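Asks: mind folding the following:
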Amino acid sequence: NWETFPEYLDALEASHYDIDIAAQLPHSALRVYVMGERAATHEPPSAEDLARMRELPTQALRAGALGVTTSRNLLHRTKAGELAPSLFSEEQELAALADGLKDAGRGVFQIIPAPMGDAETEFALMRRLAERCGRPLSYSLIQMPTGDTEAWRTSLKRL
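Replies: Coordinates of the predicted model:
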């Protein structure tokens, strides 16, 4: 009974819960909403897609979203077992999300960095995103059993 994020919040509000609910706008769902099948095949967004990915987070935040979330973790999959659409998004796409937060003047940018990526590179990306949007950024600290076994230390040191 909903399509847009504001309509989703209205649907939540129409129900009765015994707990508080906070909703975040998920990047993969946003990407598919904006790009359709192109999102699922990990195609890069067009300039028009990027503009929409900036506009819709602003709309969601103004409607009451807590923030936006994205994942670069290869363990995140769709119901069909495919890689999540957000995983290979370039920085310009993540910047569009950050700009949406900046335009709204509120919200938190939440990210799960690539745990198999270089910790220094991932943290530098997160810093650029936080500086760009001027909003708090939270991230999940994940350590994989293979690769750089000291990545978590690098991340905490940079934090």
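Asks: could you point out the longest helix in this structure?
Replies: The longest helix of the chain (DSSP state H) is helix 47-63.
Asks: quick one: distance of that one to the chain centre.
Replies: Its chain's C-alpha centre and that of helix 47-63 lie 12 Å apart, by C-alpha atoms, centre = their mean, to the nearest Å.
Asks: in terms of secondary structure, what does that helix contact?
Replies: On a contact count with 3 or more C-beta pairs under 8 Å, 6 or more residues apart in numbering; DSSP states H and E, helix 47-63 meets helix 5-14, strand 24-26, helix 27-35, strand 67-71, helix 91-104. (Glycine included, C-beta is placed from N, CA and C.)
Asks: how far away is Y8 from P113?
Replies: Applying C-beta to C-beta, to the nearest Å, the value for Y8 to P113 is 27 Å.
Asks: those two: which is more packed in?
Replies: Between Y8 and P113, counting by other C-beta atoms under 10 Å, P113 is the more crowded of the two (23 against 19).
Asks: isn't that one up against A124?
Replies: No - between P113 and A124 there is no contact under C-beta atoms under 8 Å: 10.5 Å.
Asks: quick one: the residue most central in space within the chain and A23, what's the gap?
Replies: For the chain, the residue nearest the mean C-alpha position is T70 (2.3 Å; C-alpha atoms, centre = their mean). The gap separating T70 from A23 is 15 Å, by C-beta to C-beta.
Asks: kindly report the same for D10.
Replies: Remark: distance between D10 and A23 (C-beta to C-beta) = 11 Å.
Asks: show the end-to-end separation of stretch 143-159, please.
Replies: Taking C-alpha to C-alpha, to the nearest Å, stretch 143-159 runs 15 Å from one end to the other.
Asks: hmm, who's touching it?
Replies: Stretch 143-159 is contacted by residues P113, P115, M116, D118, A119, E120, E122, F123, R127, Y139, L141, I142 when judged by C-beta atoms under 8 Å, 6 or more residues apart in numbering.
Asks: from the chain's centre, how far out does that stretch sit?
Replies: On C-alpha atoms, centre = their mean, the centre of stretch 143-159 falls 21 Å from the chain's centre.
Asks: rounded mean pLDDT for that stretch, please.
Replies: Mean per-residue pLDDT for stretch 143-159: 84.
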